[in-house]
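Chemist: This is a predicted model, with the sequence first.
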Amino acid sequence: MSSTLRTTQFSVLDRSRTIEGQPQGAALRDTVALARRAEELGYHRFWVSEHHSVPGVAGSAPTVLAAAVAAATSAIRVGTGGVMLPNHRPLVVAEQFGVLESLFPGRIDMGLGRSVGFTGGIRRALGTGKDATDDFGSQLAELLGYFTGTQTAHPQVHARPAEGLRVPAFVLATGAGAQVAAEAGLALVVGDLRRRTKLVEAIGAYRAAFRPSALWERPYVVVSGTVAVAGTRAAARRLLVPEARALAYSRTHGEFPPLRPADDDGAAMSDREREFYDEALHGHLHGTEDEVAGELADLIARTGADEVLVTTSTDDRAGLLESYERLARVTGRAGRG
């Protein structure tokens, strides 16, 4: 086993993907169950995400789900990957994370993103617009100021119980968002392993511009991506098929659907849908334990990542759990699996 894999932290991001024919609540319960198993396997963090009005994703309220995950576990760090700050008022976000940190001290992470709702209807329902990302820097400064008691946007207002608490903050972004993270002295989470040259460039720019803060004394980079591990490369690829099909469908029909079984591998797709499907399967890390170990070591060497945040979505729950168990062996986690 590579020493790089042993010394790099590995964590899990779960998006509570729904499965065709199953109630949406099952996806949330599966997320909590996966968190318990991730803790047993020795993963460092377990994060949940935020999506609104998406048929294929049940995770719409990340701080609520994070509370359920933290209550069901005892040691693993729990957080969000992430709360989309343009969708919320900074005061409310500070209060929510203040409650989480107060209930589960020393275990909570605050992962923050810049995305807004996918459609105009969702954005209107959330009370935001496409240009809301332009205010991300000021929203972030206000949010962090509620924890330190130094925010100036609303001088008479205090976030309770957040004020005085220390909650590690991460920014999920590239480009302008990564620059904001660097200037604020926060950890950076970057993804999309299919565009690794761009990924490496974004990380380099972040490190060059980083300014130490009370939360992070040095740059901290988390690389996020899809990883699937199985007994054969074909079996690992099969785990990726349902998500790739859903993504291809969303690109051609405008709606991200629940996951379907990987039975026909896209045989019924149109030519355009098949093109998106092939693209969606490209670039992810998948294979046997030895194959994935080599690919992970190369990824870490190229990016200098401090941590790898793994996300895998599939309709095969047994295969998903096996993948995380195999990955724990690959990376030397102290699991009991």
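Modeler: It's in. Keep in mind it's a predicted model, so treat the numbers as computed, not measured.
Chemist: I'd guessed residue 330 sits against residue 297; true?
Modeler: No - with contact defined as CB atoms under 8 Å, residue 330 does not count as touching residue 297 (9.8 Å). Bear in mind the C-beta positions are built from the backbone N, C-alpha and C, glycine included.
Chemist: Touching both of those two, which residues are there?
Modeler: residue 5 (CB atoms under 8 Å, 6 or more residues apart in numbering).
Chemist: Can you pick out the residue with more neighbours from these two?
Modeler: Remark: of residue 330 and residue 297, residue 330 carries more neighbours, 23 against 17, as counted by other CB atoms under 10 Å.
Chemist: Could I get the average pLDDT for the helix or strand the more buried one falls within?
Modeler: Here residue 330 sits within helix 317-331, counting by DSSP states H and E. What helix 317-331 shows for mean pLDDT is 96.
Chemist: Pull out the buried residues from that helix.
Modeler: 319, 320, 321, 322, 323, 324, 325, 326, 327, 328, 330, 331 (16 or more other CB atoms under 10 Å).
Chemist: What's the separation between the fourth one and residue 37?
Modeler: When CB to CB, to the nearest Å is applied, the distance between residue 322 and residue 37 equals 11 Å.
Chemist: Do a quick rundown of the helices in this protein.
Modeler: 3-7, 24-40, 62-72, 90-103, 120-126, 136-148, 176-184, 196-209, 233-253, 271-281, 289-303, 317-331 (DSSP state H).
Chemist: Flag the shaky bits of the chain, pLDDT-wise.
Modeler: Under the criterion pLDDT under 70, the flagged ranges of the chain are 1-2, 264-267, 333-337.
Chemist: residue at max distance from the center of it?
Modeler: Distance from the centre of the chain peaks at residue 156, with 34.1 Å (CA atoms, centre = their mean).
Chemist: list the contacts for it?
Modeler: No contacts exist for residue 156 under CB under 8 Å, 6+ apart.
Chemist: And for residue 188?
Modeler: Shown in contact with residue 188 (CB under 8 Å, 6+ apart): 170, 171, 173, 178, 181, 182, 203, 206, 219, 220, 221, 222.
Chemist: Which one of those sits in the busiest neighbourhood?
Modeler: residue 181 (30 neighbours).
Chemist: Spatially, and excluding backbone neighbours, which residue is closest to that residue.
Modeler: Once flanking residues are discounted, residue 181 sits nearest to residue 171: 3.7 Å by CB to CB, 6 or more residues apart in numbering.
Chemist: Just list whatever residues bridge to the one you found.
Modeler: Judged by DSSP bridges, the bridge partners of residue 171 are residue 112, residue 188.
Chemist: can I assume it is in contact with residue 189?
Modeler: Yes - between residue 171 and residue 189 a contact is recorded at 6.8 Å, counting by CB under 8 Å.
Chemist: Need the overlap of contacts for those two.
Modeler: With CB under 8 Å, 6+ apart, residue 171 and residue 189 have common neighbours residue 111.
Chemist: Near residue 270, how many other residues are there?
Modeler: For residue 270, using other CB under 10 Å, the count is 11.
Chemist: Next up, the contacts around it.
Modeler: residue 252.
Chemist: quick one: it from residue 29, how far?
Modeler: 35 Å.
Chemist: check contacts around residue 168.
Modeler: By CB under 8 Å, 6+ apart, the contact set of residue 168 is 109, 110, 187, 215, 216.
Chemist: from the buried residues of helix 317-331, which is closest to residue 64?
Modeler: Using CB to CB, residue 320 is the member of the buried residues of helix 317-331 that lies nearest residue 64, at 22.7 Å.
Chemist: Surely the closest one is in contact with residue 310?
Modeler: No - between residue 320 and residue 310 there is no contact under CB under 8 Å: 11.1 Å.
Chemist: related to what we said a few turns ago, ok, now which ones touch the residue nearest to residue 181?
Modeler: 111-114, 140, 177-178, 180-181, 184, 186-189.
Chemist: And for residue 87?
Modeler: 50, 52, 116, 117, 126, 128, 132.
Chemist: give me that answer again for 6 Å
Modeler: 126, 128 (CB atoms under 6 Å, 6 or more residues apart in numbering).
Chemist: Go ahead and name everything in contact with the helix holding residue 330.
Modeler: 5, 10, 41, 228-229, 239, 289, 292-293, 312, 314, 335, 337.
Chemist: let's see 7 Å
Modeler: Applying CB atoms under 7 Å, 6 or more residues apart in numbering, the contact partners of helix 317-331 are 5, 10, 12, 30, 37-38, 41-42, 227-230, 239, 289, 292-293, 310, 312, 314, 335, 337.
Chemist: Before I go, just wanted to say thanks for your time.
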